[in-house]
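Q: any chance you could fold what I've pasted below:
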Amino acid sequence: MKLTIISGRSGSGKSTVLRYLEDHGYHCVDNLAASLLPALTERITTESDGIVNVAVSIDARNLSVDLSLVPGIVEQLKRQDIQVDVVFLDAGSETLLKRFSESRRKHPLSTDQVGLREAIDKESELLEPIALLASLSIDTSSMSLQQLQDAISQRIIEKSETGLALQFQSFGFKNGIPADADIVYDVRCLPNPYWETRLRAQSGLDDPVRSFLESFDIVQEMFTDICGFLETWLPRFEENSRSYITVAVGCTGGRHRSVFFCEKLARHFEGRIANVQVRHRELRT
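A: Numbers count the residues shown, from 1 in each chain. Below you'll find the predicted structure:
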C-alpha cells in the first residue's frame, strides 16, 4: 500500500490534486482528521479489495492538536512498512490573497475577528509540522491548472514504486529562486549567450546556444563538479527515505545557461536514475 498525504495552504491547489489522483485510480479521502490515519490504513490493508494507492488531504481544517500528531503518525506507519509520501503545496501569500479575492471563497481560518491575510499567515504556522515532513514540495504560484496536473502526473503518478524521482528545474534569478528547490546551483558566472546578438532570442534548447556554451572549458568544469556532487550525495538522500529531489539551476533570465545545464544534467542521469524529469520555469508559455 502506498499512502500519499496531500497538504498545504488553502488556495494552493490541494483539491485539484486530490481530484486528479482520484481520476487516476487513487482511493481519495478529503479533509481526513489526522488522528484517524492509523485506523484508515489498517482498514484498507486488512479489508480492502485491491486498493494499492491511497491519497488523503490533511490541512488546516483539522484540529490543531491533530496536526501536531502527524509527524509521529507518519513515523508509526513507516515502521509498519507502509510507503508514505507527504506532498506539500503552497503559493506566495500575495498569490493566495488574489486567488481568494477572485473566487470570493471564505478562508477556513478567517472569522469576523481574523482577516484574510492574518488567516493565511496563521495557516503557515499550523501546517509547519507537515511542511517539514514533505518529501515533495510544489510551489503553484505561477502554475496553470494544466501545469499543476502535469507536475502531479510526472512526479507522483508516473513515479516508480521504488527509487528516487529526480527533477532538474531551470529558473531565472531575476524572478526568484523556486520555493520547491532542494538543491540550488548558480551558473551566472559562466559566459552568457544573451550578449551574443544572434543567440539572444534563442534558448538553451537550441543547437547554436548549446554549441556556444560547449566551447568553453569552464562550462564543462562546472558540469563535472555538479555531477560529482550529485553522484556522491543523491544516494544518501535516497537512503534517508527521500522520494523526490528537485535540483534547481539558475542564471539571470532562466532561458540560456540554466536551460542548457538542466538538459545536460538530465541526459547524464537518465541512465543512472529511473525517474528523471526536466522543467524550465521561464520557458513556459
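Q: make it CA atoms for all contacts and neighbour counts henceforth
A: Fine.
Q: partners of residue 4 in the sheet?
A: Going by DSSP bridges, residue 4 is paired in beta bridges with residue 55, residue 85.
Q: quick check: it touching residue 85?
A: Yes: shown here, residue 4 and residue 85 form a contact pair, counting by Cα atoms under 8 Å, at 4.9 Å.
Q: list residues touching both of the two?
A: Residues touching both residue 4 and residue 85 (Cα atoms under 8 Å, 6 or more residues apart in numbering): none.
Q: got the contact list for the lowest-mean-pLDDT helix or strand in the chain?
A: Ranked by mean pLDDT, DSSP states H and E, the helix or strand of the chain with the weakest confidence is helix 64-67, at a mean of 84. By Cα under 8 Å, 6+ apart, the list of residues contacting helix 64-67 from outside reads 33, 34, 35, 59, 60, 126, 127, 129, 130.
Q: any idea how far the residue found closest to the second one once you drop the neighbours it is linked to in the chain is from residue 58?
A: The reference is to residue 34. Leaving aside its sequence neighbours, residue 34 sits nearest to residue 66 (Cα to Cα, 6 or more residues apart in numbering; 5.5 Å). In this structure, residue 66 and residue 58 are 10 Å apart, going by Cα to Cα, to the nearest Å.
Q: hang on, the earlier thing: could I get the least confident helix or strand of the chain in CSV with only the CA atoms?
A: Only the C-alpha atoms of helix 64-67 are listed here, as CSV (Å, rounded to 0.1, in the frame of the first residue of the first chain):
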residue,chain,number,x,y,z
SER,A,64,-4.6,22.0,15.7
VAL,A,65,-3.9,19.2,18.2
ASP,A,66,-4.4,16.6,15.4
LEU,A,67,-2.0,18.4,13.1
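Q: following that helix, which helix or strand comes up?
A: helix 70-79 (DSSP states H and E).
Q: and that following helix, how far out from the chain's middle?
A: Its chain's average C-alpha position is 21 Å from that of helix 70-79, according to Cα atoms, centre = their mean, to the nearest Å.
Q: helices or strands next to that helix in the packing?
A: Using 3 or more Cα pairs under 8 Å, 6 or more residues apart in numbering; DSSP states H and E, the elements in contact with helix 70-79 are helix 37-47, strand 83-90, helix 116-131.
Q: for residue 20, which non-adjacent residue is spatially closest?
A: According to Cα to Cα, 6+ apart, the nearest residue to residue 20 is residue 149 (7.0 Å).
Q: that neighbour: what secondary structure?
A: The three-state assignment at residue 149 reads helix, by DSSP: H, G, I helix; E, B strand; the rest coil.
Q: ok, it touching residue 19?
A: No: using Cα under 8 Å, residue 149 is not in contact with residue 19, being 10.0 Å away.
Q: residue contacts, residue 192?
A: Going by Cα under 8 Å, 6+ apart, the list of residues near residue 192 reads 256, 257.
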